[in-house]
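A.B. asks: A structural model of the following input is requested.
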Amino acid sequence: MPILTGLLRRRQSVGDLQSSCSGYSSGWVVDTKVLGLEDLLIVDCDVHVHDPPEALAPFADMPWRRSMEHLGGVKQRYLDIPGYATSLNIDPPFPNDGVNTRHVTTSTQMRDELDAMHIDIGVLFPDNLLRMAVFPQTDYAAALGRAYNAWLAEKWVRCDRRLYGAVLAVPQDPEDAADQIRKYGAMEDFVGVYLPVAGVRPLWGDRVYDPIYEAASEMRLPVMLHSVGLIHPNFPFNVDHMTSRMTRHPIQHEFALMANLFSMIGSGLPARFPELDIVFTEGGISWVPYVMWRLDKEFAETPADAPMLERPPSSYIKEMYFCTQPIEEPDRPSDLATMIDLFDGRDHVLFASDWPHHDFDHPRAVMRVPFEAEVKRKIMGETALKLFGISRPVTTA
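C.D. replies: Next up is the predicted model:
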């Protein structure tokens, strides 16, 4: 089994957490005697596969295959490959800066590492292609999307029945993305549609993306927005003037998800596609009540600005889903439980770890939220099973 060398939240190793909970001191009260990880079915809605260009090249169309083969010989850094994972690194480097380059390269490695954290099922997202949305060459972007989906199907989800894919929907070519959704959505191995957020323009509420939403609704697949750190002229990633990664990171994640949610509500997306489930990934949850209340106030004052909406924005937002990672860690854990209740989130919050990235959350981090056992079961896996239509794994003695 691969050695898990990364640090957990609160700087505790996976091995330490497995062997003894007593050393994991966050100030949160955990009643592990009542409900432990081994008592739960855990669905992780955000784990990342490493997707170097040379791995995808055999699945790519010509002439783009040649480009990806060429990139295989270029020096590659984490989320920093020319023409594949664009990057503008403006921070001074320091050793042991907390940002590692840990990768998961095979389904076997992924399964072993998830098993070590008692995670039963994982929904897969890319590493490098988190920055998919910034490519200006439409044909190249569409070819990358097709290659990634084919590679994910053959090398990952078909190799392990407890790993599931999210179809990459290329924003540069919504019609081609819709074809991909219908192709892979017909396979039980794919349970969602990945919408890249980093650098996307226009935002995901724009009607240009309606073919994607039509296909997702037809295939009954939830769309899953996922962002990543990026410095780019497109809003809200134009953060080059900010002096640290610490202050840019929340904008690149939470603010980016907020902006896209504003866009979706403004265009009436949830009213136009009432059967479509929408999931927000890797932004935590504390921002949701603010967006809900602010949009309700704006709607009450100028409802004509959103003529497609049949109800207040908050009623649509309460029907959406929000992943836990990066889980907020208030001094009083009960505050987080209150925050979830503010948007009726007990049935709409999903566990996510973001494994194997540097800021991943072990399941125990979420288990410390002081909810009763039934709600913890929902958040950790039961709600995700229903949302994705995944059959409960058969356990063997």
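
A.B. asks: Check what pLDDT the residue minimising distance to the centre of the chain gets.
C.D. replies: Geometric centre of the chain, nearest residue: residue 281, 3.5 Å, by Cα atoms, centre = their mean. At residue 281, the model reports a pLDDT of 96.

A.B. asks: Beta-bridge partners for it, please?
C.D. replies: Here residue 281 sits in beta bridges with residue 226, going by DSSP bridges.

A.B. asks: got the residue ranges for the strands in this protein?
C.D. replies: Using DSSP state E, the strands found in the chain span residues 43-49, 121-126, 163-168, 190-196, 223-226, 278-281, 321-323, 349-350.

A.B. asks: can you tell which of those strands is closest to residue 379?
C.D. replies: strand 349-350 (5.1 Å; Cβ to Cβ). Glycine gets a C-beta too; all of them are placed from N, C-alpha and C.

A.B. asks: other SSEs contacting that closest one?
C.D. replies: In terms of contacts (3 or more Cβ pairs under 8 Å, 6 or more residues apart in numbering; DSSP states H and E), strand 349-350 is packed against strand 321-323, helix 383-388.

A.B. asks: how about these in TSV, adding distance to residue 160?
C.D. replies: Shown next, in TSV, are those (distance: least, Cβ to Cβ, whole Å):
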stretch	distance to residue 160
strand 321-323	21
helix 383-388	16
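
A.B. asks: highest average neighbour count across those?
C.D. replies: Greatest average neighbour count among those goes to strand 321-323 (a mean of 24), per mean count of other Cβ atoms under 10 Å.

A.B. asks: got the contact list for it?
C.D. replies: Strand 321-323 has contacts (Cβ atoms under 8 Å, 6 or more residues apart in numbering) with 45-46, 222, 277-283, 285, 288, 343, 345, 348-352, 383, 387.

A.B. asks: Note down every partner strand of it and its orientation.
C.D. replies: Applying DSSP bridges, one finds strand 321-323 paired with strand 278-281 (parallel), strand 349-350 (parallel).

A.B. asks: Make a markdown table out of the ones you listed and add distance to residue 135.
C.D. replies: Formatted as a markdown table, the strands paired with strand 321-323 follow (distance: least, Cβ to Cβ, whole Å):
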| stretch | distance to residue 135 |
| --- | --- |
| strand 278-281 | 21 |
| strand 349-350 | 29 |
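
A.B. asks: can you tell which of those is closest to residue 37?
C.D. replies: Taking the strands paired with strand 321-323 one by one with Cβ to Cβ, strand 349-350 is closest: 16.4 Å.

A.B. asks: Distance from that closest one to the middle of the chain?
C.D. replies: Distance, stretch centre to chain centre, for strand 349-350: 12 Å (Cα atoms, centre = their mean, to the nearest Å).

A.B. asks: List the contacts of that strand.
C.D. replies: With Cβ under 8 Å, 6+ apart as the test, strand 349-350 has contacts from 43, 45, 279, 285, 321-324, 340, 379, 383-384, 387.
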